[in-house]
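Q: Next come a sequence and a model predicted from it.
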Amino acid sequence: MISFSSVSKRYPGGQEALKSVSFTIAQGEFAFIAGHSGAGKSTLLKLIPAIERPSSGAVLVNGQNVGALKRSALPYLRRNLGLVFQDQKLLYDRSVFQNVLLPLAFSDLSGREAERRARAALEKVGLAARERANPVQLSGGEQQRLAIARAVVNRPATLIADEPTANLDAAAAIAALEIFASFQQVGVTVLVATHDEALIERFAQRVLRLAGGSIVE
Amino acid sequence: MKAWLRHHRGAFGAAAGKLRAQKSVALLNALVIGIALSLPAGGYALLSSLRAVAQGISLQPQLSVFLRHEAKRQDAETLGARLKADARLQVSRFISREQALKDLRETEGLADVVAALNRNPLPDAFVVRPRSADPGELDALARDLRALPEVAHVQADSAWARRLGALAGTARLAIALLATLLAFGLVAITFNTIRLQILTQRAEIEISKLIGATDAFIGRPFFYLGALQGLAGGAVALAILWGSLAALNTGVADLATSYGSSFRLAFLQPVDAAAVVLFSAGLGWVGAYLSVSRYLREIEPS
């Protein structure tokens, strides 16, 4: 469960990105964070894995106040969250397979089990046949699917995606969202930030609409 | 435990792989570290060699009391009794003029000189050891002994040995200071090298942080890299030292032989050599630790 309680975020320059935002997302729920560019969607998502800390209020993930976590505790929080970034953050000097293996490198899994899981994740997103390719050889949609595979390889309870379809054509965007929906069906909480109203309409899930740093709907 | 060992093995392998991939850079770094370390290591080796020589010299204050040349054995016995009764003296040893001449004859290179003498020019003497090493008390004692009617001359034999001891102490301090300064230099070199290495892997580090890698996991390959560089630098320092001592010893051997000595500059004892390499590896680790910690705090402040 993710819960925001009167959360505000002000950046050092004085810009207030979020203003007293409160909401709760239940375990296994799929929700869109909608809003125009600059509405505060990315800031909101960054508060969940404590990439940013709230200026006031509390962000709870499974009952844990992540804003108060010590720096040394953050890795363990993040391992339970699958993060998909707008720019994917792939390693272009590694193969597709090695990119998916990365989160498992610091887990306690044996090498063989890690490889098995990485192949299963690639299978799930339809990239099993491209495991030896370099990410630069993949299309935009495939790169996004690779980012999803890396996010889910650790079997997180929550998937968080920031504009995962921003650079994709309509078909690729739908394919990516269908992968997220399939994870929600097996109990994973999914939180997707997007400004694509057509996708929101198509998937007909809960929507938290942000404008000027506040939830308006 | 198994996973922890696997992580360390992986980190060590990654560090060794980086060194192999950048052989020329690694070699240059090892040379810089090695040259820097060879200076204090060489100084230490030199002092150890000199210490072995100096150990044969007494650093206890000692006075030689020479009798007048015309003094009779009776005078020597009288003086011996006076010295024995003097509470300021710990030990006194009589050296007859005959014994002194015999000792001189046995000194290497002087046998011919002694043989050319038609009479014994050496006086009877007492070597005395005072209870106190205080310079003021020693001066007073020497003055009193000089005033005795049987005495011609009093010489403070240990003064030069004490000077040598003080000089050795100063040299040891200078080497310790040099070693400390160069240790900071080594840490700075490793800090900078690792910093450059971090910058080439910035994307991987930042992504790893975002998806749950601990600071220890990210830092470990760099710590091993720093330690391996230090280790290689330490080995280079020993090689430089060994080569330098071998070259110097050809000249030292000639000089020492002309003085009838078999003195040679000795290489470090195995335990000291191991300490140089381990110290260097440790400093490399410290430099890498400081560099990685600083970078990780830059990208994710507390």
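A: Sure thing, it's come through. Because the structure is predicted, anything quoted here is derived from the model rather than measured.
Q: Which pLDDT value goes with B:Ala159?
A: Looking at B:Ala159, its pLDDT reads 67.
Q: same thing with B:Ala179?
A: Confidence for B:Ala179, expressed as pLDDT, is 87.
Q: Number of residues surrounding it?
A: Neighbour count of B:Ala179, defined by other C-beta atoms under 10 Å in any protein chain shown: 19. (Glycine included, C-beta is placed from N, CA and C.)
Q: Kindly report the same for the one 5 residues further on.
A: Each residue near B:Phe184 was counted by other C-beta under 10 Å, and the total is 12.
Q: Mind checking what secondary structure it has?
A: Following DSSP: H, G, I helix; E, B strand; the rest coil, the label given to B:Phe184 is helix.
Q: Against B:Ala36, how distant is it?
A: Counting by C-beta to C-beta, to the nearest Å, the gap from B:Phe184 to B:Ala36 is 10 Å.
Q: Can you list the low-confidence ranges for chain B?
A: B:54-60, B:108, B:157-162, B:302 (pLDDT under 70).
Q: Which positions in it make contact with chain A?
A: Taking C-beta under 8 Å from any C-beta of the partner chain as the contact definition, chain B meets chain A at B:3, B:6-7, B:10, B:203-204, B:206-215, B:217, B:300, B:302.
Q: Show me those that map onto helices.
A: Using DSSP state H, B:3, B:6-7, B:10, B:203-204, B:206-210, B:215, B:217 are the members of those that sit in helices.
Q: in which helix or strand would I find A:Ile33?
A: strand A:30-34 (DSSP states H and E).
Q: Parallel or antiparallel, which strands does that strand pair with?
A: strand A:189-194 (parallel), strand A:206-211 (parallel) (DSSP bridges).
Q: Now do whichever helix or strand comes after the first one: distance to the chain's middle.
A: Using DSSP H and E, the next helix or strand after strand A:189-194 towards the C-terminus is helix A:197-203. Its chain's C-alpha centre and that of helix A:197-203 lie 18 Å apart, by C-alpha atoms, centre = their mean, to the nearest Å.
Q: outside of helix A:197-203, which residues touch it?
A: A:30, A:32, A:34, A:165, A:170, A:173-174, A:177, A:181, A:194, A:207 (C-beta atoms under 8 Å, 6 or more residues apart in numbering or on different chains).
Q: can you give me the strands in the stretch 151-300 of chain B?
A: Using DSSP state E, counting those that start in this stretch, the strands of the stretch 151-300 of chain B run over residues B:151-156.
Q: For A:Thr43, see how far away the closest residue to chain A within it is.
A: Residue of the stretch 151-300 of chain B nearest chain A, by C-beta to the nearest C-beta: B:Gly212 (3.7 Å). Per C-beta to C-beta, B:Gly212 is found 21 Å from A:Thr43.
Q: do B:Leu268 as well
A: Taking C-beta to C-beta, one finds B:Leu268 at 60 Å from A:Thr43.
Q: Which of those two has more residues huddled nearby?
A: A:Thr43 (23 against 19).
Q: Report the beta-bridge partner residues of the spatially most central residue of chain A.
A: Nearest to the geometric centre of chain A sits A:Ile160, at 2.2 Å (C-alpha atoms, centre = their mean). A:Ile160 has these beta-bridge partners by DSSP bridges: A:Leu83, A:Leu191.
Q: ok, it touching A:Leu83?
A: Yes. Using C-beta atoms under 8 Å, A:Ile160 is in contact with A:Leu83, at 5.5 Å.
Q: any shared contact partners between these two?
A: Counting by C-beta under 8 Å, 6+ apart, the residues touching both A:Ile160 and A:Leu83 are A:Pro49.
Q: picking up where we left off before, pick the most buried one from the strands paired with strand A:30-34.
A: strand A:189-194 (a mean of 25; mean count of other C-beta atoms under 10 Å in any protein chain shown).
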